[in-house]
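[1] Predicted model follows, preceded by the sequence.
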Amino acid sequence: MMEDVQSHSPRIAMPIDRVGIRELRLPLRVRDRSQGAQQTVASVDLGVDLPSAFKGTHMSRFVEALQHWNDEISYQSIRRLLLTIKEKLGAQKAYARFSFAYFITKPAPASSIPAPMSYQCCITAELDDEGQSFLLGVDVPVMTVCPCSKAISREGAHSQRALVRMRMRMRTFSWLEDFIDMAERSGSSALYTLLKREDEKFVTEQAFAHPLFVEDVVRNVAHKLSEHAQVEWFRVEVESMESIHNHNAFACIERTLRTGTA
């Protein structure tokens, strides 16, 4: 029998909060409101706590747990994965993070020509003896037009892309499309993959008719999240990739709305 070096006592007997593997890529099925489900590729981080009595963890067991999991991602399926990881590694706590691109077929605003639009999403979960935490994250790009620039300029105003980063602790399942829609309705204009000339005209005029500071956008999103029945806690940050400054602008709001049980 080969020696199990990981189970030896370490030279420094100190517990480790989280140890595991990071950026393992695998195919993943995600629930899709229009099609039922869609296939994507996820980057996965997995981890556990490590008591002070053990020198190391068994990295291969994380991969084995994923290989036997192979499930559509959901609160329940991730819980099953975390329970398997806890059992395989004899851990008190198990952690998983899935980062993936989510695609929505989106028609252009004037021509209605459809094209896929991608959004970066993540699901982070942790399971211990007290229960499971489950965080949903969605990053949505939008366009903003500066109200100050519009007010003081005789011609035009500076505009730029901004990124809305939302992180939510949920009571139960909610569609990713709901949060993407919240963010896109909170900026000066949504972004699109395909724009013909009539679409470009529409987006430009729409945005310039609704100038917004980064502070306006973050308040708009936070207000919508506060009214969502399934959100227990959220953190929303909006970062504006400024077009006339050599720096970015940002604003952030974090709120606990209600407490729930895992």
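    That came in fine, so what should we check first?
[2] Tell me how many other residues surround residue 125.
    In terms of burial, residue 125 registers 21 neighbours under the definition other C-beta atoms under 10 Å. In short, each C-beta sits where N, CA and C put it, glycine included.
[3] That one and residue 78 touch, don't they?
    Yes. Because the distance of 4.8 Å satisfies C-beta atoms under 8 Å, residue 125 is recorded as touching residue 78.
[4] Overlap in contacts, the two.
    In terms of C-beta atoms under 8 Å, 6 or more residues apart in numbering, residue 125 and residue 78 are both contacted by the residues 96, 134.
[5] can you pull the buried residues of the longest strand anywhere in the chain?
    The strand spanning the most residues in the chain, taking DSSP state E as the definition, is strand 16-32. Counting neighbours by 16 or more other C-beta atoms under 10 Å, one finds that the buried residues in strand 16-32 are 16, 18-21, 28-30, 32.
[6] Helices of this protein, start to end?
    For the chain, the helices defined by DSSP state H cover 59-69, 75-89, 147-152, 176-184, 197-208, 214-226.
[7] What is the fifth one packed up against?
    For helix 197-208, the elements it packs on are strand 131-145, strand 189-190, judged by 3 or more C-beta pairs under 8 Å, 6 or more residues apart in numbering; DSSP states H and E.
[8] what's the answer for the last one, then?
    Packing partners of helix 214-226 (3+ C-beta pairs under 8 Å, 6+ apart): strand 131-145, strand 159-170, helix 176-184, strand 231-240, strand 249-256.
[9] Tabulate those in TSV, adding columns for mean pLDDT, distance to residue 114 and mean neighbour count.
    TSV is the format used below for the helices and strands packed on helix 214-226 (pLDDT from 0 to 100; distance: least, C-beta to C-beta, whole Å; neighbours: other C-beta atoms under 10 Å):
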stretch	mean pLDDT	distance to residue 114	mean neighbour count
strand 131-145	95	18	20
strand 159-170	96	22	20
helix 176-184	97	15	20
strand 231-240	97	27	22
strand 249-256	98	32	14
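[10] can you put the ones you listed in TSV and add distance to residue 205?
    What follows is the helices and strands packed on helix 214-226, written out as TSV (distance: least, C-beta to C-beta, whole Å):
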stretch	distance to residue 205
strand 131-145	11
strand 159-170	12
helix 176-184	17
strand 231-240	20
strand 249-256	24
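[11] Identify whichever of those lies nearest to residue 101.
    Of all those, it is strand 131-145 that lies closest to residue 101, at 10.2 Å by C-beta to C-beta.
[12] which helices and strands does that closest one pack with?
    Here strand 131-145 is seen to pack against helix 75-89, strand 114-128, strand 159-170, helix 176-184, strand 189-190, helix 197-208, helix 214-226 when contacts are counted using 3+ C-beta pairs under 8 Å, 6+ apart.
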